[in-house]
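Q: Task: produce atomic coordinates for the following.
(one chain, ligands or ions: 1)
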Amino acid sequence: MKTIDKIYINGAFITPQGTDTFELISPTTNMVIGKVRLGNEEDTRNAIAAAKAALPAFSKTSKEERIQYLRQLQEAVAKKKEEMIKVMIAEYGGTLQFSRISIQFAIGNFSEAIKTLQDFEFERIVGSSKVRLEPVGVAGVITPWNANIGFITGKLATAIAAGVTTVIKPSEMSALQTQVLLEALHEAGLPAGVFNIVNGLGHVVGAELTRHPDIAKISFTGSTVTGKTIARGAVDTMKRVTLELGGKSPNILLDDADLTKAIPLAVAAAYTNSGQACIAATRLLVPEKLLNEVKTLVKTTVEQLKVGDPAQEDTVVGPMVSKKQWERVQSYIKLGLEEGAELLVGGVGQPAGLEAGNFVKPTVFVNVRNDMRIAREEIFGPVLSIISYKNEEEALQIANDTDYGLSGYVSSGSEERALKIAAQINAGRVMVNGFKHDPQAPFGGFKQSGIGREFGVYGLQTFLEPKTILL
Ligand code: NDP
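A: Model prediction:
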């Protein structure tokens, strides 16, 4: 049982003014494993003041100084790798397999920012003018619980590269993970106030960041509903916003795909991070003529997946982060049945022997229509909808008939054919024959999956304002 009773302002761990507390509950056992004291509006304003005071000097640092800071951060965070993996499993219920990859990416975010920075020109000639890309101001960073450490390091590394100071509000459900990371970030020895972290509730700390006039930009990852609230609130002070929101990503299986490879990949892409992933491929689009074959393969693949203790090496699907999230996923499984979809595998309730935690039976529905709510809404759990199509034209029409546009997937025996289809999917990232990641390429959504891009040059530019100087 651990108590987190400090927030981080101006380079120091301090006791918040806020006195409310929040219990941290293990998703695997539902036992209380910790408690966090929450910051309030005043704490948020203090953190903003510290970031504002640090901005003039930090915004003038050279590329070399920022690279040095990023190296220090990476070194300090890398030392805590094993501890971060352990706490991600204990507090969030991330599987060992996923937590290892996630923490590796989280550490890598600093070296990726260095790579981006090395070749980046902050001054360019455009037309006959000099264009300077200047730090945007103080940024508010708001992150969710499904990859807490990775989201924080990704946004922080980019802000540092841009010469921007930050106030970070993680999900309070991730307080133990934040604490381990924060101790490492503090060890890195950056100037006081460059980054500040306030644990607290979204409608308290997050809302204060959104409305405060000294915050110039919000970088947010989370649900589309909250993203819209932030965008509305941010407009009064004309904040820049980067919103990385939800998805309902299509995975188009073409009729020439090698099903023995494509089906395990499709299941893995749907159930990544136990289904609690914005990029999860939750709609599998299958040629009508292959439906029976696909059903057999999907069923056997899913039945072989290990669900259970996230700390076990071979566990593929762990518990949902909270009881609330478990109930939400259950309600969607019930809804699928009510809507008339055919249950291929899984269903309501907990898998046998796993009643203590927030475990869900990995579930697949077939004969799903794209107008059903299970095909339109983000479930954020291990629930896959299989939709059949007659021809490529119909596959694309179904794929793009969604409010979202974060990711898309195509499986085909022909790269040329896959690329043609990929070009027509309306999404920020399309993956061909696999579940892939490129930390330098832009990441973000079309339509209601968000605004703006993260990673690499595109991500860096969202923390900068172009200023044109006419000579
Ligand atoms: P939210 O979008 O509500 O939370 C994300 C972050 O925003 C949290 O830090 C949250 O704080 C904060 N927040 C909440 N309300 C406000 C506000 N008014 N102003 C500023 N910040 C705010 O996600 P949930 O955790 O509630 O998850 C709900 C659903 O969202 C999931 O079931 C899933 O569908 C989706 N989701 C999508 C994610 C993605 O990666 N795209 C990530 C997480 C969730 P607090 O925790 O205190 O509410």
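Q: what's near enough to touch the residue of the stretch 51-200 of the chain found nearest the ligand?
A: Nearest residue of the stretch 51-200 of the chain to the ligand: Pro144, at 3.4 Å (CB to the nearest ligand atom). Using the backbone N, CA and C atoms, a C-beta is placed for each residue, glycine as well. By CB atoms under 8 Å, 6 or more residues apart in numbering, the residues touching Pro144 are Phe151, Ser171, Thr221, Gly222, Ser223.
Q: SS state for the residue nearest to the fourth one when sequence neighbours are not counted?
A: To tie it back to what came earlier, the one meant is Gly222. Closest residue in space to Gly222, ignoring its immediate chain neighbours: Pro144 at 4.3 Å, by CB to CB, 6 or more residues apart in numbering. Assigned with DSSP: H, G, I helix; E, B strand; the rest coil, Pro144 falls in the coil class.
Q: okay, Pro144: pLDDT?
A: If you check Pro144, the pLDDT there is 98.
Q: And it, its phi and psi?
A: phi -100, psi -170 (degrees, to the nearest 10).
Q: For it, give its distance to Val286.
A: 31 Å (CB to CB, to the nearest Å).
Q: Run through the residues of the stretch 151-300 of the chain sitting next to the ligand.
A: 169, 171-172, 201-203, 206-207, 210, 221-223, 226, 229-230, 245-246, 278 (CB under 6 Å from any ligand atom).
Q: what about 5 Å?
A: Ser171, Leu201, Gly202, His203, Gly206, Ala207, Gly222, Ser223, Thr226, Thr229, Gly246, Cys278 (CB under 5 Å from any ligand atom).
Q: Show the buried residues in those residues.
A: Applying 16 or more other CB atoms under 10 Å to these, the neighbour count classes Ser171, Leu201, Gly202, Gly206, Ala207, Gly222, Thr226, Thr229, Gly246, Cys278 as buried.
Q: elements contacting the strand or helix carrying Gly227?
A: Using DSSP states H and E, Gly227 sits within helix 224-234. In terms of contacts (3 or more CB pairs under 8 Å, 6 or more residues apart in numbering; DSSP states H and E), helix 224-234 is packed against helix 207-211, strand 215-221, strand 240-244.
Q: thinking Met194 is in contact with Thr165, fair?
A: That one is not Met; residue 194 is Val. Yes: Val194 is in contact with Thr165 according to CB atoms under 8 Å; the separation is 5.2 Å.
Q: Now do the shared contacts for the two.
A: Both Val194 and Thr165 are contacted by Ala51, Ala54, Phe58, under the criterion CB under 8 Å, 6+ apart.
Q: Roughly how far does the first one sit from Arg45?
A: Right, Ala51. 11 Å.
Q: Break the chain into its domains for me.
A: 2-245+447-470, 250-432 (automatic domain parsing).
Q: need those domains in TSV with distance to Gln440, can you?
A: Compiled in TSV, those are given as follows (distance: least, CB to CB, whole Å):
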stretch	distance to Gln440
domain 2-245+447-470	4
domain 250-432	13
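Q: Okay, strands next: where are they in the stretch 1-150 of the chain?
A: With DSSP state E, counting those that start in this stretch, the ranges of strands along the stretch 1-150 of the chain come out as 2-4, 7-9, 12-14, 21-25, 32-37, 123-126, 129-135, 138-142.
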